[in-house]
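Q: Okay, sequence plus prediction incoming.
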Amino acid sequence: MQTMEASQSQKLKQAPDAGLDFLSNLPELVKVKILALLPFKEAVRTSRLSKCWRHTWFAIPSLVIYEDEIGFQTLFEFIAFVYRLLSSHANSMTKLKLVFRHRYNYEKPDIKEDLDKWINTFLEKHGLELDLDSGYYSTIEIPDCLFSLPDLEVLKLKCCKLNVPKHVDGFKMVHSLKLDTVKITGIEIERLVLSCPLLKYFLIRTDYLGLNDLAIRSRSLLELDIDADFKDLYLETPKLVTLSAKVISTFVEYDIYDEPVYDDNEEYDFPSKYENNISRLMCCLPQVEYLDICYNFVRYLDGGVVPARLPVSLNLTKMTIEFATEYSDVARCLLQSAPRLCYLYAKFHSEEIQVYPPWLRFWDDAGATDCQLDRLKTVILGNECYYAKCIVSFVKYILKSAPILEMVGFEEPEDTWSCESRPFKETMKEVLKLPRLSNKAVIKMIRS
Amino acid sequence: MITLISSDKRKFHVLEEVANQSLTIRDVIEDRRGRRRADRIILVTNINSKIPEKVIVYWLRHFLMPEEIAHASMSHKKAEKLKKWEAKFFDTDIDTLNDLILAADSLDIPSLFDGACEKVSDILKNRSAEEVGEISKIENEFTHEEEEEEIPSENAWVWRNEFA
């Protein structure tokens, strides 16, 4: 419809003069800005508009190119395009993002040399943000020249293999580092983090540690997201505000060709050499405000002695925790050490039928002596919680120890079948009868 | 109160706090502070006829809802309302948008500039080069050879599945 109108209006103005060509009269910078807002492919198509638009798109400062974009027929064509783009790009480049197509295991593109050249061009243009995704399974090896980028501020790598040289100058300006599904050893991670004096955000997702230790030491780090198969974790991050921690649930081994061998039956069984993981780790995080820990990490923390209470963390206001009845100890310890907690999201891991009976009433006795949840306002319970054996006891504990509680929200089960199930009905019936310390407390169902 | 005079000699009286949203005007006022009343008149001659009204309407709407609030503590409902209002505001023909961009660029009003650029890119999105040429009345002065062979072969991938 709009197109028709447009073509009609053009017919009316059959003799276009320079004044009618609106967009071309915009300053070059404005044109580039508009192009930068378009999807990259459409921005390139503007080269056909007119002579003055022909090369405008070369100046787009932030380049995001996907190999699986409709149009690229071969990897070779993609590579040739990137070469042409980088060699003709006029202005300084702020961002370069290259995403390769997902490939099968046997298809390994050999683009290390190309990457080497591209990174060098990126270096010449003083690029700030580099983002490489080599596509699942392909695991491209990142060339060493990556470590010679002095202006870099943001680095994101996905599905790559990274070798950190022994003597690395480091990224002096990097404040955000994201290594997703990257093959890198624990020692290399430690070295890399140490070489970034301004690092604020760090994400590491890897199954390549092979049960080796992981140490993260940084004086500037504010946000840390770990998902790795470490044996023991060391944190020296005094300024950390947000910690999100996971442990990869299935243990992956690599064969002699460096191919992963998946064994789903083998559960991760914490060979930690420490007996006090929870106090050892949590005491290193004096500034932490938000804690997001998943089931396997709770199991890791549960190893050995769990004290009644840790040194009080006054900053902790928000917590997401996934646990099971038999790991209630960790949850209790954390709850009782966080007097300023405002928001709690508790997920429950699916449980075995058999649970050692005393656990069922575990929360009945917890914190009975003094009230520690003075600021807690919102509690959300994840949608598997009806099957948790300790759920009634847990909710009872929350209701009786939080004086200004406003809501306990039960996430609705995803299927209607679960709503009709017995554990669900019984749990809700029992929970609604529980006494509440706060007169504002509401128990209700919420959408997840 | 300051006075803006447009290219067609019309006068607009605007509160200083409102006009301050233009960084250019703010700097001018700052420079002339403490001087005579006549200096509170600012010529904005590089702006086309109906644009000053639009810019002032935009200023007033945003003045009632300062930027800081818009980002930090504004309620969800108010943010939605402002978003709807902006969508309506920018829903004009491409000529007006073009003038708005130029005005926002020369008067240095970042939010107006970004908003107008975004709208233009929305208009251009999902259209073929011919359609864009028609909408923006760009006359392509390419030779037949360039048009048919050179350009399509340069970046062949972008022309495949043009309408997919």
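A: Received it, and whenever you're ready, just let me know what you need. Note that this is a predicted model, so its numbers are computed, not measured. Numbering: from 1, shown residues only, chains lettered A, B, ... in the order given.
Q: Can you check the distance spanned by stretch A:143-153, start to finish?
A: Stretch A:143-153 stretches 18 Å from its first residue to its last (Cα to Cα, to the nearest Å).
Q: quick one: residue A:224 and residue A:239 touch, right?
A: No - Residue A:224 lies out of contact with residue A:239 (Cβ atoms under 8 Å); the separation is 10.5 Å. Every C-beta, even on glycine, is put in place using the N, C-alpha and C of the backbone.
Q: tell me which element the residue nearest the centre of chain B falls in.
A: Computing the C-alpha centroid of chain B and ranking residues by Cα atoms, centre = their mean puts residue B:101 first, at 3.1 Å. Assessed by DSSP states H and E, residue B:101 sits inside helix B:94-107.
Q: hang on, the earlier thing: now do the SS call for the closest residue to the residue nearest to the centre of chain B other than its chain neighbours.
A: Once flanking residues are discounted, residue B:101 sits nearest to residue B:116: 4.7 Å by Cβ to Cβ, 6 or more residues apart in numbering or on different chains. Assigned by DSSP: H, G, I helix; E, B strand; the rest coil, the conformation of residue B:116 is helix.
Q: quick one, what contacts residue B:116?
A: Neighbour list for residue B:116: B:90, B:97, B:100, B:101, B:104 [criterion: Cβ atoms under 8 Å, 6 or more residues apart in numbering or on different chains].
Q: let's see it at 6 Å
A: Counting by Cβ atoms under 6 Å, 6 or more residues apart in numbering or on different chains, residue B:116 touches B:97, B:100, B:101.
Q: before we move on, back to that, show me what counts as buried in the helix holding residue B:101.
A: B:94, B:96, B:97, B:98, B:99, B:100, B:101, B:102, B:103, B:104, B:105, B:107 (16 or more other Cβ atoms under 10 Å in any protein chain shown).
Q: wait, which of those is closest to chain A?
A: Using Cβ to the nearest Cβ, residue B:98 comes nearest to chain A of the buried residues of helix B:94-107, at 4.2 Å.
Q: what about the closest one, distance to residue A:405?
A: Distance check for residue B:98 against residue A:405: by Cβ to Cβ, to the nearest Å, it reads 56 Å.
Q: So which residues of the stretch 51-200 of chain A form helices?
A: A:75-88, A:112-124, A:186-194 (DSSP state H, counting those that start in this stretch).
Q: Would you mind giving those as a markdown table with mean neighbour count and mean pLDDT added?
A: Below are these laid out as a markdown table (neighbours: other Cβ atoms under 10 Å in any protein chain shown; pLDDT from 0 to 100):
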| stretch | mean neighbour count | mean pLDDT |
| --- | --- | --- |
| helix A:75-88 | 16 | 87 |
| helix A:112-124 | 17 | 89 |
| helix A:186-194 | 20 | 91 |
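Q: For those, please prepare CSV with the additional fields distance to residue A:33.
A: Putting the helices of the stretch 51-200 of chain A into CSV (distance: least, Cβ to Cβ, whole Å) gives the following:
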stretch, distance to residue A:33
helix A:75-88, 19
helix A:112-124, 22
helix A:186-194, 35
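Q: Mind putting these into TSV with distance to chain B?
A: Listed next are the helices of the stretch 51-200 of chain A as TSV, based on distance: least, Cβ to the nearest Cβ, whole Å:
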stretch	distance to chain B
helix A:75-88	6
helix A:112-124	17
helix A:186-194	31
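Q: Residue A:374: which of these is closest?
A: helix A:186-194 (36.3 Å; Cβ to Cβ).
Q: Strand partners (parallel or antiparallel) of the next helix or strand after that closest one?
A: Per DSSP H and E, the first helix or strand lying C-terminal to helix A:186-194 is strand A:201-206. Here strand A:201-206 has these sheet partners by DSSP bridges: strand A:176-180 (parallel), strand A:223-228 (parallel).
Q: Kindly reformat those as a markdown table containing mean pLDDT, mean neighbour count and distance to residue A:333.
A: A markdown table is the format used below for the strands paired with strand A:201-206 (pLDDT from 0 to 100; neighbours: other Cβ atoms under 10 Å in any protein chain shown; distance: least, Cβ to Cβ, whole Å):
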| stretch | mean pLDDT | mean neighbour count | distance to residue A:333 |
| --- | --- | --- | --- |
| strand A:176-180 | 94 | 19 | 31 |
| strand A:223-228 | 93 | 20 | 20 |
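Q: Let me know the secondary structure of residue A:395.
A: Applying three-state DSSP: residue A:395 is helix.
Q: from what I can see it touches residue A:431, true?
A: Yes - counting by Cβ atoms under 6 Å, residue A:395 touches residue A:431, with 5.2 Å between them.
Q: Which one's more surrounded, those two?
A: residue A:395 (23 against 19; other Cβ atoms under 10 Å in any protein chain shown).
Q: Now for that one: which residues touch it?
A: Residue A:395 neighbours (Cβ under 6 Å, 6+ apart): residue A:431.
Q: Same check on residue A:346?
A: Neighbours of residue A:346 in contact, by Cβ under 6 Å, 6+ apart: A:321, A:381.
Q: ok, now which ones touch residue A:126?
A: Counting by Cβ under 6 Å, 6+ apart, residue A:126 has contacts A:92, A:151.
Q: Residue A:118 versus that one, what's the distance?
A: In terms of Cβ to Cβ, residue A:126 sits 15 Å off from residue A:118.
Q: For chain B, which residues are neighbours of chain A?
A: Neighbours of chain A within chain B, by Cβ under 6 Å from any Cβ of the partner chain: B:95, B:98, B:101, B:117-118, B:120-121, B:129, B:131, B:133-141, B:151, B:155, B:157-158, B:160-161, B:164.
Q: number of nearby residues for residue B:77?
A: 8.
Q: Can you list the neighbours in contact with the helix or strand containing it?
A: In this assignment (DSSP H and E), residue B:77 forms part of helix B:76-90. For helix B:76-90, contacts defined as Cβ under 6 Å, 6+ apart pick out B:115, B:119.
Q: now swap in stretch B:95-114 and tell me
A: Contacts for stretch B:95-114 (Cβ under 6 Å, 6+ apart): A:22, A:30, B:21-24, B:46-48, B:51, B:55, B:58, B:116, B:119-120.
Q: quick revisit: hey, C-alpha coordinates of the helix holding residue B:101 in PDB?
A: Extracted in PDB, the C-alpha atoms of helix B:94-107 (Å, rounded to 0.1, in the frame of the first residue of the first chain):
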ATOM      1  CA  ILE B  94       9.900  11.700   4.900                       C
ATOM      2  CA  ASP B  95      10.400  15.400   4.100                       C
ATOM      3  CA  THR B  96       9.500  16.400   7.600                       C
ATOM      4  CA  LEU B  97      11.700  13.700   9.100                       C
ATOM      5  CA  ASN B  98      14.500  14.900   6.900                       C
ATOM      6  CA  ASP B  99      14.100  18.500   8.100                       C
ATOM      7  CA  LEU B 100      13.700  17.300  11.700                       C
ATOM      8  CA  ILE B 101      17.000  15.400  11.500                       C
ATOM      9  CA  LEU B 102      18.700  18.500  10.100                       C
ATOM     10  CA  ALA B 103      17.200  20.700  12.800                       C
ATOM     11  CA  ALA B 104      18.100  18.200  15.500                       C
ATOM     12  CA  ASP B 105      21.600  18.000  14.100                       C
ATOM     13  CA  SER B 106      22.300  21.700  14.000                       C
ATOM     14  CA  LEU B 107      20.500  22.500  17.300                       C
END
